[in-house]
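Need coordinates for the below:
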Amino acid sequence: MKDWTMDGIHLCNIRLRLLRLNTMPGLDTRLLEDVSQLKGKRSAELRDLGRLRYPMVRRRGDRGFRRVTWDAALNLMVERIRASTPDRLGFYLTSRGMPNEAYYAAQKAVRALGTNSIDNAARVCHSPSTFGLKEALGVAATTCSYKDWIGSDLLVFVGSNVANNQPVSMKYLYYAKKAGTKVAVINNYREPGMERYWVPSVAESALFGTTIADRFFLIDMGGDIAFLNGTLKHMIANGWADRAFIEQHTTGFEALKATLDAQSWEELERLSGTSREEMSAFARMVGEARTAIFVWSMGITQHEFGEDNVRAIINLGLSKGFVGREGCGLMPIRGHSGVQGGAEMGAYSTVFPGGLPLTPENADRLRELWGFPVSTKRGRTAPEMVDAAHAGQLEMLFSVGGNFLEVLPDPAYVEEALGRVPLRVHMDIVLSSQMLTEPADTVVLLPAATRYETPGGVTETSTERRVIFSPEIPGRRVGEARPEWQVFIELAKRVRPDLADKLHFDGTPAIRQEIAQVIPLYDGIQQLKKEGDQFQYGGPHLCWGWNFPTKDGKAHFSAVSLPKLEEVPEGTFLLSTRRGKQFNSMVQEKKDSITGAVREAVLISPGDADRLELKDGDRVLLKSDAGGFQGVVYIAPVKPGNLQVHWPEGEALIDRRRRSPQAGIPDYNAVVRLEKPQPAGPGAGGLRRGHV
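Numbering: from 1, shown residues only. Now for the predicted structure:
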């Protein structure tokens with residue numbers, strides 16, 4: 001209940017909910033003997049049944065699962081791996097509660113098996129941010145600290161709704177407002193929580209609320225690049241950019257300026273869905289600020305052009321040198337304490353530990369450190385694993401946590417894919433709906449220990465690059481649950497007994513020792529031993545003093561072209577997906593207390609509702625080229641022409657084939673038609689919906 005940004009108690013409702021999740025009693029295993037009674041239950045209902053206790057197996061044709069020993073479960077996996085080839089294996093780790101030690105041990109074990117096909121939840125949230133930041137600044141994480149929010153002249157939230165998705169940060173915003181910080185929000189919905197928020201651990205705010213945003217800029221879904229480019233165009237024209245910084249510490253500005261010159265105001269207005277006057281108003285806010293921080297999240301990254309969205313934000317930040325100094329920064333904000341470390345530990349199909357490319361030179365270094373050869377062949381990303389499964393090209397899928405049915409677009413396609421994998425292994429602390437998908441041959445369930453139950457303690461890395469030690473907490477243990485790192489290492493040892501001595505760890509302190517050796521950025525992790533121990537890699541600010549770890553030592557502007565957005569046919573809407581009262585895909589309440597919207601809500605503007613003669617509570621059908629969704633009207637301050645629905649409920653509307661070019665992140669947006677449902681006649685079928 002304390003942190004390193006401010007003094008005093010720091011309550012967070014999500015933290016308290018996760019405490020319950022991590023301390024539930026064990027599941028009655030008899031419930032799994034016949035899964036027909038569990039099919040169709042929401043994930044929240046499955047979670048509430050309790051913690052997984054023992055390894056269990058279900059064969060094709062079985063009504064349910066039966067308990068087996070750990071030896072039997074591991075040997076099933078060993079047999080399948082040995083009978084297969086490395087390119088037909090897939091491993092995925094979620095970010096919920098996953099410590100650095102588990103990420104690191106897992107990716108080392110998987111690479112000992114001969115493949116780089118290990119991916120984690122960062123793939124479908126901030127992978128475009130990694131590409132954009134690395135190219136521009138030479139770093140791949142947020143450049144500042146939360147303390148920089150408090151007293152900065154300007155905080156800008158682009159495609160990010162921290163009130164719903166990172167509520168722990170709202171107390172920082174309270175103190176930022178007290179210090180005079182201005183807040184601008186760029187989105188297609190005037191988020192109530194970003195307009196006014198009640199911080200529970202501050203008496204004044206808890207009673208009267210706190211005004212957060214000074215200005216909202218409502219744009220169309222997908223209009224971020226056009227809006228940001230228009231803003232920068234105004235700043236250049238008015239002389240508000242920092243030319244001294246640009247000339248001394250950056251490259252690529254003239255090419256960017258030429259690209260902007262070729263973009264007409266008419267085109268920028270059309271694609272952004274707003275006026276050049278609005279862009280000018282935002283440009284003035286940025287131009288007048290001496291310090292500023294740009295915060296973004298999945299409203300920016302989860303697009304076909306997610307990398308360019310990020311580059312457009314970076315361009316605007318660099319135009320005033322808003323990086324490498326106090327009160328300034330570029331911050332891709334995370335929703336989990338476990339996600340930042342995932343790629344940095346190397347649990348990523350496209351890079352080695354430390355984010356290093358899959359080159360022969362980097363592979364040779366790992367071979368010298370680990371004592372066995374490492375493949376340089378690019379592994380499959382999480383969406384690509386599902387594609388391979390659907391095509392019958394995956395022999396085994398080992399998924400730790402997560403739920404592809406509720407994370408990836410087109411749940412019907414995903415379920416078909418899962419049902420075609422000969423051996424699926426699901427390791428988690430609780431049940432999820434994907435575990436109940438009918439087996440092609442065999443499904444194995446493995447019970448996971450939580451980070452708080454792991455002997456030797458573990459670490460996690462926060463949004464602000466703070467590596468924090470979590471000690472083992474004494475108390476009861478659930479069944480035969482094991483830490484994930486032990487399972488991966490034991491599996492690799494059994495498959496490759498010739499490497500057993502090179503894969504062995506005496507415990508998590510030994511893993512931390514090796515992390516510090518393999519990933520120099522994490523030097524210091526080996527010294528974390530007790531509650532309260534932490535360090536912030538790179539210090540409070542990356543690129544401090546405008547020293548950029550790029551090849552030429554300079555920051556790089558990008559000439560960002562406008563995306564080729566499809567024409568929106570008459571009578572259709574731009575649809576974006578949103579989160580509310582949930583922790584990633586883990587839905588916690590049926591109704592969002594901040595917005596008042598239920599999970600089936602279709603958020604629509606008052607003008608659009610009037611034009612279509614709709615009122616609150618009316619049932620409507622949304623149809624896209626990918627599928628359909630049945631929901632209820634919820635009139636809200638959304639940009640006209642735009643709709644929002646909750647994720648994962650609206651996943652059936654999303655085209656799984658649309659992904660960004662570099663990161664391969666799915667585009668979680670769509671163009672949809674809105675219809676009023678026809679009265680159901682005799683024998684009429686309902687519209688197919690995604691898993692919720």
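
Which residues does stretch 499-516 contact?
Applying Cβ atoms under 8 Å, 6 or more residues apart in numbering, the external contacts of stretch 499-516 come out as 100-101, 104-105, 108-109, 112, 345, 353, 370-372, 454-459, 485, 489, 492-493, 496, 522-526, 528-529. (C-beta placed from N, C-alpha, C; glycine too.)

Mark which of these are part of strands, please.
With strands identified by DSSP state E, the entries of the contacts of stretch 499-516 that belong to them are V458, T459.

Mind checking which of the contacts of stretch 499-516 are buried?
Judged by neighbour count, with 16 or more other Cβ atoms under 10 Å as the criterion, the buried members of the contacts of stretch 499-516 are 100-101, 104-105, 108-109, 112, 345, 353, 370, 372, 454, 456-459, 485, 489, 492-493, 496, 522, 525-526, 528.

quick one: which of these sit in helices?
Those of the buried ones among the contacts of stretch 499-516 mapping onto helices are N100, E101, Y104, A105, K108, A109, A112, W370, W485, I489, A492, K493, per DSSP state H.

Dump these to a markdown table, plus distance to S205.
Putting these into a markdown table (distance: Cβ to Cβ, whole Å) gives the following:
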| residue | distance to S205 |
| --- | --- |
| N100 | 34 |
| E101 | 37 |
| Y104 | 40 |
| A105 | 42 |
| K108 | 46 |
| A109 | 47 |
| A112 | 51 |
| W370 | 51 |
| W485 | 41 |
| I489 | 47 |
| A492 | 50 |
| K493 | 53 |
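
Spatially, which two of these are the most separated?
Among these, the pair separated by the greatest distance (Cβ to Cβ) is N100 and K493, at 21.0 Å.

got the end-to-end distance for stretch 651-670?
Length of stretch 651-670, first residue to last, Cα to Cα, to the nearest Å: 10 Å.

buried sites along it?
By neighbour count, and taking 16+ other Cβ under 10 Å as the criterion, the buried residues in stretch 651-670 are 651-656, 658-660, 662-670.

can you check stretch 423-438 too?
Of all the residues in stretch 423-438, those buried under the rule 16+ other Cβ under 10 Å are 423-437.

Then stretch 137-154?
Within stretch 137-154, the residues that qualify as buried are 137-150, 152-154, counting by 16+ other Cβ under 10 Å.

List the ones among the residues you listed that fall in helices.
L137.

Which of the buried residues of stretch 137-154 fall within strands?
Among these, the subset assigned to strands under DSSP E consists of L154.

ok, W70 - contacts?
Neighbour list for W70: P55, E480, R482 [criterion: Cβ under 8 Å, 6+ apart].

Kindly report the same for G324.
Applying Cβ under 8 Å, 6+ apart to G324 gives the contacts T143, H541, L542, C543, W544, G545, W546, N547, F548.

And the residue nearest to it when sequence neighbours are not counted, how far from L318?
The shortest distance from G324 to any non-neighbouring residue, by Cβ to Cβ, 6 or more residues apart in numbering, is to C543 (3.9 Å). Note on C543: its distance to L318, by Cβ to Cβ, to the nearest Å, is 10 Å.

of those two, who's got more company?
Summary of the neighbour comparison: C543 and L318, criterion other Cβ atoms under 10 Å, with L318 having more neighbours (27 against 23).

surely that one meets I246?
Yes: the pair L318 / I246 is scored as a contact, 7.5 Å apart, by Cβ atoms under 8 Å.

buried subset of the contacts of W70?
Taking 16+ other Cβ under 10 Å as the criterion, what is buried in those is P55, R482.

returning to what we had before: of the ones in helices among the buried ones among the contacts of stretch 499-516, just say which sits nearest to P471.
Ranking these by separation from P471, with Cβ to Cβ as the measure, puts E101 on top at 13.0 Å.

Show the low-confidence segments of the stretch 1-150 of the chain, by residue range.
11-15, 95 (pLDDT under 70).

buried residues in stretch 319-333?
Within stretch 319-333, the residues that count as buried by 16+ other Cβ under 10 Å are 319-325, 327-333.

ah, wrong one, I meant stretch 618-630
By neighbour count with 16+ other Cβ under 10 Å, stretch 618-630 contains the buried residues D618, V620, L621, L622, K623, S624, A626, G627, G628, F629, Q630.

residues touching the residue nearest to Y668 when sequence neighbours are not counted, list them.
The shortest distance from Y668 to any residue that is not its chain neighbour, by Cβ to Cβ, 6+ apart, is 4.3 Å, and that residue is Q302. With contacts defined as Cβ under 8 Å, 6+ apart, Q302 is in contact with V124, C125, T577, I665, P666, D667, Y668, N669.

now R380
For R380, the set of contacting residues under the criterion of Cβ under 8 Å, 6+ apart consists of G90, S117, D119, S349, A388.

Of those residues, which belong to helices?
With DSSP H as the criterion, helices contain A388 from among these.

CSV for the contacts of R380, including distance to R82 and neighbour count?
Compiled in CSV, the contacts of R380 are given as follows (distance: Cβ to Cβ, whole Å; neighbours: other Cβ atoms under 10 Å):
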residue, distance to R82, neighbour count
G90, 16, 29
S117, 17, 28
D119, 23, 28
S349, 22, 27
A388, 19, 22
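
need the contacts of R380 in a markdown table with distance to R276, can you?
What follows is the contacts of R380, written out as a markdown table (distance: Cβ to Cβ, whole Å):
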| residue | distance to R276 |
| --- | --- |
| G90 | 48 |
| S117 | 47 |
| D119 | 41 |
| S349 | 42 |
| A388 | 46 |
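
In strands, which of the contacts of R380 fall?
Filtering those for strands - DSSP E - leaves G90, D119.

on that earlier part again, show the pLDDT at the residue nearest to G324.
You'll see C543 listed with a pLDDT of 98.

Might you report the residue contacts of it?
When the contact criterion is Cβ under 8 Å, 6+ apart, the partners of C543 are L137, G138, V139, T143, V323, G324, P549, A555.

Now the nearest residue to D62 once chain neighbours are set aside: which helix or strand?
Among residues not flanking D62 along the chain, P439 sits closest, at 7.9 Å (Cβ to Cβ, 6+ apart). Using DSSP states H and E, P439 sits within no helix or strand.
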